[in-house]
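Engineer: need coordinates for the below:
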Amino acid sequence: MTTRRRRSAATLLLVLIFGGCGQRSAPPPATTPPPPTPTPSRVLLFFPGEDTLLHGEVREIPELPSELAPRIRLLVEELALGSTRGRGAVFPWSVAVLGVFVDEGGDAFVDLSAPPPRAVEGSATETALLFGTVSSVVANCPGVRRLQLLFDGHEIETLGHLDFSRPLAPRPELIAR
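Structural biologist: The predicted structure is shown next:
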């Protein structure tokens, strides 16, 4: 081989070694679009006032589920957080939502942790508990007409004053105008 050919061969060899001949360039990293930002939703929750009527309170929720059972759970959990305007509590104990079911007829059943003894005393407290929950759920859940509260998986007749034994519709006369 002549010197010229050797140099050409050496140059070609160096180009192949250091030039990356035969290598594929790495594909650009895949860019996944960021998840969509949830659109906040406004909900209407009802809390008892000093006049014993239920007062509406608009609250912004970061993301409101479209399915009824998760939506109802979220609404009841928001009620449990209490009023942001200094109104009374719907739940006078630290409540947990144990389950939610909606039947084909538009009746919702919400299973709550049972109140401790003497946590719910008086008809005004029961009215706030029962109809604050009923009114809040029905106002924010199209297709739900009535609601029944269960406690620790059991139907109860009463907590002392009101009928808890069946699904109930909102009572407009209990809502402040």
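Engineer: from now on I want contacts and neighbour counts done on CA atoms only, so please keep to that.
Structural biologist: Fine.
Engineer: tell me who's in contact with Thr52.
Structural biologist: Counting by CA atoms under 8 Å, 6 or more residues apart in numbering, Thr52 makes contact with 124, 128.
Engineer: apply 10 Å and report the result again.
Structural biologist: By CA atoms under 10 Å, 6 or more residues apart in numbering, the contact list for Thr52 reads 88, 124-125, 127-128, 174-176.
Engineer: what do you get for Pro70?
Structural biologist: Pro70 touches 64, 99-101, counting by CA under 10 Å, 6+ apart.
Engineer: about what we covered before: which of the contacts of Thr52 has the most neighbours?
Structural biologist: Ala128 (25 neighbours; other CA atoms under 10 Å).
Engineer: surely that residue and Leu79 touch.
Structural biologist: No: at 11.0 Å, Ala128 and Leu79 do not qualify as touching, with contact defined as CA atoms under 10 Å.
Engineer: what bridges to Val102?
Structural biologist: In this entry, Val102 is beta-bridged to Ala108, by DSSP bridges.
Engineer: for it, give me its contacts.
Structural biologist: 68-69, 72, 108-110, 143-144, 146-147.
Engineer: overlap of the contact sets of Ala128 and Leu79?
Structural biologist: 46-47, 89-91.
Engineer: now stretch 118-136, how far from the centre of its chain.
Structural biologist: Computed by CA atoms, centre = their mean, to the nearest Å, the separation of stretch 118-136 from the middle of its chain amounts to 22 Å.
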